[in-house]
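> Mind looking at a prediction? Sequence and model below.
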Amino acid sequence: MFNRREFLKASASGVVLGASGPASAPLWAADSLLGPASLPSGALDSSWLDALPGKQPLIKKTFRPPNYETPLPYLDQAFTQNDAFFVRYHLAGIPQVDAASWKLSVGGEAADKPFTLTLEQLKRDYEPVEIAALCICSGNRRGLSEPHVPGVQWGYGAMGNAKWKGARLKDVLARAGVKKEAVEVVFDGADGPVLEKTPDFVKSIPLWKAQEENTILAYAMNGEPLPHWNGFPVRAVVPGWTATYWMKHLTSIQVVNQPFKGFWMASAYRIPKGKFPIVDRFLSQETEINTPITEMVVSSLITNLQDGAVLPAGKPAVVRGVAWDGGYGIADVQVSIDGGQNWRPAELGPQLGRYAWRQWSYAVGSPQPGSYTVMAKATNRVGASQTFELVFNPAGYHNNVVQRLSIKVA
């Protein structure tokens, strides 16, 4: 494994190919594999390319608990490889769960008929469904906040797009018999705190979200069993909402008749009320000043170019990337190569699913020698667009500022 200084030294030419990346990956400068240069210097210097068991080398942000970011070349694909998918944990006690002995407890004060499920029963007794959906950490791009805020200093890669297969949560809840006074559904997982005073990571979602057609209990990812580091054997998939609700290693689902007041709901993962154009609100958890983070904001990412790249003059060039939102659909991606003075529409790729990201591309032509500032801006079907100025919040959530890449053609 290499830290930033060693990686730069190993790359005497200043350019390396992501050895573990896809075959079609472009050439990447060593700096960009570990994150954008605008990350705090300490965050870059302490980053490593390191492989967890079963994973390709990813960007290590923290080891205990493990938080690993996907290098940008892997995001230049329709679906993110399982072994390159980012890893996010809040707690360091992460057991290896045995699929044969795993059981899911379903019940709670607002359930008529509590019961337990094995993995075999979940697969056998409930209709399997597969959903393409983006999983993105609420704090993706936190490291780009200015001024900087505490927390894992993520760059662009705390996200991944995958096909998730499992059973509808609403079908499982129906067997439990949801009472009319039910308000929320609470998830708990097998991971836990090392220290007694650390609050366990427990999350809730509103009943209406739990009963949506696309909220599932997933046991497969891109056609394979879930990787250990991404929630084996079963995780919650809550499409359109940020990954804080996508509970890994599920062990318990409780239907409750009062808003859940655990630390990770009442104190964490909250945003200032009214600052973001959120349609899906978690009303039972709102206060007068803040609200739980819920749906993803519209955003985009350039995936085939890095800041400071040098392209050959007179040869056809393409700007390529992905765009996403909370499930309303990407209506348009505009690209500028002159710092925002002029914008042109990109060509949108196939619709992979309502909750999946959408690939896009823009043919530049054969640019002449010079300096260019490349930008991309996405708009969704309900009229929300990316911002040019950061909507600052103390936790660094929902950073969807339009990228600016400085490119040279020579």
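Yes, it's here.

> Now do the strands in the stretch 301-410 of the chain.
Using DSSP state E, counting those that start in this stretch, the strands of the stretch 301-410 of the chain run over residues 310-311, 317-324, 330-336, 344-345, 347-348, 358-365, 370-380, 405-409.

> Of those strands, which is nearest residue 74?
Set against residue 74 and scored by C-beta to C-beta, the strands of the stretch 301-410 of the chain come closest in strand 317-324, at 11.5 Å. C-beta coordinates here come from the backbone N, C-alpha and C atoms, glycine included.

> and the residue nearest to residue 375 when sequence neighbours are not counted, how many residues sit next to it?
Among residues not flanking residue 375 along the chain, residue 336 sits closest, at 4.5 Å (C-beta to C-beta, 6 or more residues apart in numbering). Residues lying near residue 336 (other C-beta atoms under 10 Å) number 20.

> In terms of residue numbering, what are the domains of this structure?
2-88, 103-292, 299-409 (automatic domain parsing).

> which SSE is residue 164 in?
strand 159-168 (DSSP states H and E).

> Compare the strands of the stretch 301-410 of the chain and give me the one nearest residue 246.
Comparing the strands of the stretch 301-410 of the chain by their distance to residue 246 (C-beta to C-beta), the top pick is strand 317-324, with 15.1 Å.

> Go through that closest one and flag the buried ones.
Within strand 317-324, the residues that count as buried by 16 or more other C-beta atoms under 10 Å are 317, 319, 320, 321, 322, 323, 324.

> again with stretch 271-289
271, 276, 277, 278, 282, 285.

> same question, stretch 203-212
In stretch 203-212, counting by 16+ other C-beta under 10 Å, buried: 203, 204, 205, 206, 207, 209, 210, 211, 212.

> any idea how far the first one is from residue 219?
Residue 203 sits 19 Å away from residue 219, taking C-beta to C-beta, to the nearest Å as the criterion.

> The strand holding residue 164 packs against which elements?
With contacts taken as 3 or more C-beta pairs under 8 Å, 6 or more residues apart in numbering; DSSP states H and E, strand 159-168 sits against helix 119-125, strand 128-136, strand 216-221.

> Identify the residues contacting the first one?
Pointing back at helix 119-125 there. The contact list for helix 119-125, computed with C-beta atoms under 8 Å, 6 or more residues apart in numbering, reads 99, 100, 102, 104, 166, 167, 172, 217, 219, 233, 234.

> among the residues you listed, who's most crowded?
Sorting those by how many neighbours each has (other C-beta under 10 Å) puts residue 234 first, at 29 neighbours.

> Could I get the contacting residues of that residue?
Residues counted as contacts of residue 234 (C-beta under 8 Å, 6+ apart) are 102, 104, 119, 122, 166, 217, 218, 219, 226, 249, 250.

> And the buried residues of stretch 271-289, which two are furthest apart?
Between any two of the buried residues of stretch 271-289, the greatest separation by C-beta to C-beta is 18.7 Å, found for 277 and 285.

> Check which residues of stretch 340-360 are buried.
Buried residues in stretch 340-360, counted by 16+ other C-beta under 10 Å: 343, 346, 348-349, 352-360.

> Likewise for stretch 369-377?
372, 374, 375, 376, 377.

> Show the contacting residues for the first one.
It stands for residue 372. 337, 338, 406, 407, 408, 409.

> which of these count as buried?
For the contacts of residue 372, a burial check counting by 16+ other C-beta under 10 Å picks out 337, 407, 409.

> Let me know the closest of those to residue 35.
residue 407 (18.4 Å).

> For residue 320, see how far away that closest one is.
Counting by C-beta to C-beta - residue 407 and residue 320 are separated by 13 Å.

> which neighbours do those two share?
Common neighbours of residue 407 and residue 320 (criterion: C-beta under 8 Å, 6+ apart): residue 305.

> So residue 208 versus residue 217, what's the distance?
Distance, residue 208 to residue 217, using C-beta to C-beta: 17 Å.

> for residue 107, same thing?
15 Å.

> isn't residue 317 right up against residue 361?
No - assessed by C-beta atoms under 8 Å, residue 317 is found out of contact with residue 361, at 10.9 Å.

> hmm, which helix or strand of the chain has the shakiest average pLDDT?
Sorting the helices and strands of the chain by mean pLDDT, DSSP states H and E puts strand 16-17 at the bottom, at a mean of 32.

> Apart from its neighbours in sequence, what residue is nearest the residue sitting nearest the centre point of the chain?
A centroid search over the chain (C-alpha atoms, centre = their mean) returns residue 136, at 1.2 Å, as the residue closest to the centre. Nearest non-adjacent residue to residue 136, counting by C-beta to C-beta, 6+ apart: residue 159, 3.8 Å away.

> count of residues packed around the one you found?
27.

> Can you tell me how far residue 162 is from residue 230?
For residue 162, the distance to residue 230 (C-beta to C-beta) stands at 9 Å.

> list the residues that contact both of these two?
Joint contacts of residue 162 and residue 230 (C-beta under 8 Å, 6+ apart) are 82, 85, 221.

> Which stretches in the stretch 201-350 of the chain count as helices?
Here the stretch 201-350 of the chain has its helices, by DSSP state H, counting those that start in this stretch, at 207-210, 263-266.

> Let me have the ones you listed in CSV, extended by mean pLDDT and distance to residue 313.
Putting the helices of the stretch 201-350 of the chain into CSV (pLDDT from 0 to 100; distance: least, C-beta to C-beta, whole Å) gives the following:
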stretch, mean pLDDT, distance to residue 313
helix 207-210, 98, 52
helix 263-266, 97, 52
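
> still on that earlier bit, what lines up beside the strand holding residue 164 in the sheet?
strand 128-136 (antiparallel), strand 216-221 (antiparallel) (DSSP bridges).

> Out of those, which is the most enclosed?
strand 216-221 (a mean of 24; mean count of other C-beta atoms under 10 Å).

> what's in contact with that one?
Under C-beta under 8 Å, 6+ apart, the answer for strand 216-221 is 82, 85, 104, 119, 122-123, 129-131, 162-169, 172, 225-227, 230-231, 233-237, 250.

> picking up where we left off before, which among the buried ones among the contacts of residue 372 gets closest to residue 49?
Taking C-beta to C-beta as the measure, residue 49 sits nearest to residue 407 out of these, at 24.6 Å.

> give me the beta-bridge partners of the closest one?
Beta-bridge partners recorded for residue 407 (DSSP bridges): residue 372.
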